[in-house]
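>>> From the sequence below, what's the structure:
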Amino acid sequence: MASYRIVIADDHPLFRDALKQALEGTLDNLSVEEAGSLDEAVGILEVDDKYDLVLLDLKMPGVQGFSGLMYLRAQYGSVPVVIVSANDDPHVIRTSLDFGASGFIPKSAAVDDIRTAVLEVLEGSIWVPPDIDISGAQDSENSQLAAKLSTLTPQQVRVLMMLSQGLLNKQIAYELSVSEATVKAHVSAILQKLDVDSRTQAVILANRIDGDLWQASDDAGG
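Numbering: from 1, shown residues only. Sure, this is the predicted structure:
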């Protein structure tokens with residue numbers, strides 16, 4: 001009998017529990033790890049990245065948009081990530097796929113749809129809500145930006161996330177346990193890959209997609 005290992009990353013314990021119960025009703029031999037923040041999810045994968053799937057909320061401690069997805073796809077490229085979010089705007093779904101998500105499950109989805117989505121992704125498919133039309137949500141500018149951001153290494157993604165939080169090179173160096181010279185090298189590489197001239201411009205680009213995310217649904221809560 002096949003066994004599956006899944007990480008559920010969401011800061012609401014009740015929702016994690018409901019999602020876990022839905023999956024346990026579908027997959028007999030299932031092991032689930034729960035994370036309430038991006039750091040906790042990364043900590044689980046750092047110990048052992050042999051997981052079959054990560055179910056990731058877009059809005060929780062440590063992540064306020066697609067940066068968490070960017071980091072997981074860069075650092076753990078072999079582990080599929082499905083976004084589970086209350087914000088089911090077609091542009092949000094489209095951008096999730098652009099950043100490498102293997103699917104998108106609205107938090108309002110019925111239990112049967114959640115189970116179908118997870119099963120299809122575990123079989124190697126991409127799943128999006130069949131009742132939401134994302135065909136007109138393609139944004140060539142955002143797609144180009146996503147392509148540039150996807151070229152960043154995991155460490156460069158982390159540096160960019162910290163730049164977006166307003167941290168100085170010295171603070172980033174302390175957080176990552178590296179030298180300031182290393183941070184400067186990462187920043188230079190980020191500017192080159194994003195084709196911008198300053199760290200401010202890099203932060204504006206990185207925040208633009210996340211800004212579109214929350215503008216699309218300010219009350220989504222994830």
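>>> was I right about Lys59 contacting Gly65?
Yes: in this structure Lys59 lies within contact range of Gly65 using C-beta atoms under 8 Å: 7.3 Å. For glycine as for every other residue, the C-beta is placed from the backbone atoms N, C-alpha and C.
>>> For these two, indicate the residue with more neighbours.
Gly65 (22 against 19; other C-beta atoms under 10 Å).
>>> What segments of this protein are helices?
13-24, 38-47, 67-75, 90-98, 111-122, 140-149, 154-164, 169-176, 180-194, 199-216 (DSSP state H).
>>> Any chance of those in CSV with mean neighbour count and mean pLDDT as columns?
Converted to CSV, those look like this (neighbours: other C-beta atoms under 10 Å; pLDDT from 0 to 100):
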stretch, mean neighbour count, mean pLDDT
helix 13-24, 15, 93
helix 38-47, 17, 93
helix 67-75, 23, 88
helix 90-98, 23, 87
helix 111-122, 18, 94
helix 140-149, 15, 78
helix 154-164, 21, 89
helix 169-176, 16, 93
helix 180-194, 17, 95
helix 199-216, 16, 73
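>>> Please identify which of those is closest to Tyr4.
Closest approach to Tyr4 among the helices of the chain (C-beta to C-beta): helix 111-122, 6.5 Å.
>>> which strands and helices sit next to the closest one?
The contact analysis (3 or more C-beta pairs under 8 Å, 6 or more residues apart in numbering; DSSP states H and E) places helix 111-122 against helix 13-24, strand 53-56, strand 81-85, strand 103-106.
>>> Recalculate using a threshold of 6 Å.
strand 103-106 (3 or more C-beta pairs under 6 Å, 6 or more residues apart in numbering; DSSP states H and E).
>>> Report the distance from the strand it packs on to the chain centre.
Chain-centre distance of strand 103-106: 12 Å, with C-alpha atoms, centre = their mean, to the nearest Å.
>>> can I see the domain layout of this protein?
Structurally, the chain divides into domains by automatic domain parsing as follows: 4-122, 140-216.
>>> Tabulate those (JSON lines), appending distance to Ile134.
Formatted as JSON lines, those follow (distance: least, C-beta to C-beta, whole Å):
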{"stretch": "domain 4-122", "distance to Ile134": "5"}
{"stretch": "domain 140-216", "distance to Ile134": "13"}
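>>> So for Val128, which of those domains sits nearest?
Checked against C-beta to C-beta, the stretch from the domains of the chain lying closest is domain 4-122, at 5.2 Å.
>>> Straight-line length of that closest one, end to end?
9 Å (C-alpha to C-alpha, to the nearest Å).
>>> same deal with stretch 151-169?
21 Å.
>>> Which residues outside it are in contact with it?
With contacts defined as C-beta atoms under 6 Å, 6 or more residues apart in numbering, stretch 151-169 is touched by 67, 70-71, 74-75, 172, 180, 183, 186, 189-190, 193, 199, 203, 206-207.
>>> give me that answer again for 7 Å
When contacts are defined by C-beta atoms under 7 Å, 6 or more residues apart in numbering, stretch 151-169 is touched by residues 67, 70-71, 74-75, 172, 175-176, 180, 183-184, 186-187, 189-190, 193, 199, 202-203, 206-207.
>>> what's the spacing between stretch 190-203 and its chain's center?
Counting by C-alpha atoms, centre = their mean, stretch 190-203 comes out at 21 Å from the chain centroid.
>>> Not counting its neighbours along the chain, what's nearest the residue nearest the centre of the chain?
Most central residue of the chain, judged by C-alpha distance to the mean C-alpha position with C-alpha atoms, centre = their mean, is Leu69 at 1.8 Å. For Leu69, ignoring the flanking residues on the chain, the nearest one in space by C-beta to C-beta, 6 or more residues apart in numbering is Phe99 at 5.0 Å.
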